[in-house]
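Asks: model this:
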Amino acid sequence: MTNRYCPADLPALTAEELRDIWERNRVPDVRDLLWEIARLRQRVSSAHYFIALVEVGQPGAQLMAHTYLANFAAEPCVLEEIEADYSSGTPGSRKWRGEIPTDEELQLFEAMHREARERINERKRRRRR
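Replies: Residues are numbered from 1 along each chain as shown. As a prediction, the model looks like this:
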């Protein structure tokens with residue numbers, strides 16, 4: 001896992017604060033960022049619910065784990081971490097262990113980058129209008 005600097009003392013923003021940001025910054029790029037934040041907040045809420053089910057020993061929670069892992073495995077931040085691990089020479093990394101990406105992983109990485117480039121280009125076109 002790559003280490004990125006994220007100050008530990010930054011407070012988590014509430015929904016009210018996010019709405020306030022939107023009210024003061026009604027531009028398409030801020031809207032895109034707020035949609036991503038809303039999507040990630042939903043993921044956190046869903047994960048919290050799942051963990052609570054596991055913690056109380058809810059029947060069927062183990063079966064749900066596969067779905068949750070698949071959903072998280074498709075997240076760009078997870079795919080980026082895996083992709084970076086294949087390039088890292090850090091002891092314990094995939095590259096250090098001599099592993100190479102599977103064809104399926106390579107396809108996932110390429111699709112992620114292709115879709116991201118398409119969205120970036122759309123945002124650039126939007127800015128020129």
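
Asks: every contact and neighbour count from this point should use C-alpha atoms.
Replies: Noted.

Asks: and the next element down the chain from the lowest-mean-pLDDT helix or strand in the chain?
Replies: In the chain, no helix or strand scores lower on mean pLDDT, DSSP states H and E than helix 61-73, which sits at a mean of 87. Counting by DSSP states H and E, the next helix or strand C-terminal to helix 61-73 is helix 76-87.

Asks: name the helices or strands packed onto whichever helix or strand comes after that next one?
Replies: For helix 76-87, the following helix or strand on the C-terminal side (DSSP H and E) is helix 103-128. With contacts defined as 3 or more CA pairs under 8 Å, 6 or more residues apart in numbering; DSSP states H and E, helix 103-128 has these neighbours: helix 76-87.

Asks: switch to 7 Å and redo it
Replies: Helices and strands touching helix 103-128, by 3 or more CA pairs under 7 Å, 6 or more residues apart in numbering; DSSP states H and E: there are none.

Asks: chain center to the longest helix along the chain, what's the gap?
Replies: Once the chain is assigned using DSSP state H, the helix that runs over the most residues is helix 28-55. Put simply, helix 28-55 sits 10 Å off its chain's centre (CA atoms, centre = their mean, to the nearest Å).
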